[in-house]
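S.K.: Quick one, what's the 3D model for this:
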Amino acid sequence: MCGPSGKEVRLFGHIKIVLLIATMVSFLSGGCALFQQFLPGLTLSDADVISVLDSLDAAEIAAAKLAQEKATAPEVQAFAGRVLNEHRQLGEANGRLATQLAVHPRPPALVSRLTETHEQAMQALHTTSGPAFDRAYVEHEINQHIMAFNFIEAAAETEGNPILKQELVRTGPDLLSHISAARALERHLGPESQRAFAAR
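M.R.: Numbers count the residues shown, from 1 in each chain. Below is the predicted model:
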């Protein structure tokens, strides 16, 4: 276990993690006041970190399933299928990790906020259709994966458990690959006015 100085370092790191998430959630939902009330004295256990990862994977899976139903561009359909399969694999890895570490993840308060933000985003996606849905989904994926990458990067930087740290480091390139693919899709889809002109 960490000594007192190690705990202080981890506390600083955990607060940094939540500040990063709060920044992204603020960008996505327009406010992070709920996060701020949890910051004083906040720490995240290994079980908490795995819970956040589970929440992020579940959100990605749900959005990808919706995209498979509603996306009109074949490239977006293919991307959604990739995201679905790979985040299912990440979720299964999280489950194995929880078993290996003998932890029982219980969602910390910040997971509730992430879940609320995800539900709001899903509601917005449900009300969109056609090429507009394709663009909205891709934009959503870019934002979500940036948030997820920021979280695991900060968590890996301060994580004291070498097994969990290794898993966090291993996951980073997968998320960066998704971001790169989503940004390429965003450029391919182009703005609505450009696509309307091209369709003439």
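S.K.: List the buried residues of the helix or strand containing residue 157.
M.R.: Per DSSP states H and E: residue 157 is located in helix 130-158. By 16 or more other C-beta atoms under 10 Å, the buried positions in helix 130-158 come out as 131, 133-138, 140-156, 158. Backbone N, C-alpha and C define where each C-beta goes, glycine included.
S.K.: roughly how far is that helix from the heart of the chain?
M.R.: Relative to the chain's own centre, helix 130-158 is displaced by 6 Å; criterion: C-alpha atoms, centre = their mean, to the nearest Å.
S.K.: Run the angle between the next helix or strand after it and helix 130-158 for me.
M.R.: Counting by DSSP H and E, the next helix or strand C-terminal to helix 130-158 is helix 162-189. In terms of direction (axes from the mean of the first three to the mean of the last three C-alpha atoms, to 10 degrees), helix 162-189 departs from helix 130-158 by 150 degrees.
S.K.: and helix 162-189, what's its mean pLDDT?
M.R.: Mean per-residue pLDDT for helix 162-189: 94.
S.K.: helices or strands up against that helix?
M.R.: Under the contact criterion of 3 or more C-beta pairs under 8 Å, 6 or more residues apart in numbering; DSSP states H and E, helix 162-189 touches helix 46-70, helix 74-101, helix 130-158.
S.K.: Can you check which of those gets nearest to residue 174?
M.R.: Taking C-beta to C-beta, helix 74-101 is the member of these nearest to residue 174, at 6.3 Å.
S.K.: which element follows the closest one toward the C-terminus?
M.R.: Reading on from helix 74-101 to the C-terminus, the next helix or strand found by DSSP H and E is helix 109-126.
S.K.: can you dump the C-alpha coordinates of that next one into CSV?
M.R.: The C-alpha coordinates for helix 109-126 follow below in CSV (Å, rounded to 0.1, in the frame of the first residue of the first chain):
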residue,chain,number,x,y,z
ALA,A,109,-21.2,9.8,-7.8
LEU,A,110,-19.5,11.0,-11.0
VAL,A,111,-20.7,7.9,-12.9
SER,A,112,-24.3,9.2,-12.2
ARG,A,113,-23.4,12.5,-13.9
LEU,A,114,-21.8,10.7,-16.8
THR,A,115,-24.9,8.5,-17.2
GLU,A,116,-27.1,11.5,-17.1
THR,A,117,-25.1,13.2,-19.8
HIS,A,118,-25.1,10.1,-21.9
GLU,A,119,-28.9,9.8,-21.6
GLN,A,120,-29.3,13.4,-22.7
ALA,A,121,-27.1,12.8,-25.8
MET,A,122,-29.0,9.6,-26.6
GLN,A,123,-32.3,11.5,-26.5
ALA,A,124,-30.9,14.1,-28.9
LEU,A,125,-29.7,11.3,-31.3
HIS,A,126,-33.1,9.6,-31.2
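S.K.: Now find how far off-centre that helix is within its chain.
M.R.: How far helix 109-126 lies from its chain's middle: 11 Å, per C-alpha atoms, centre = their mean.
S.K.: tilt between that helix and helix 130-158?
M.R.: Put simply, helix 109-126 runs at 160 degrees to helix 130-158, going by the same axes, to 10 degrees.
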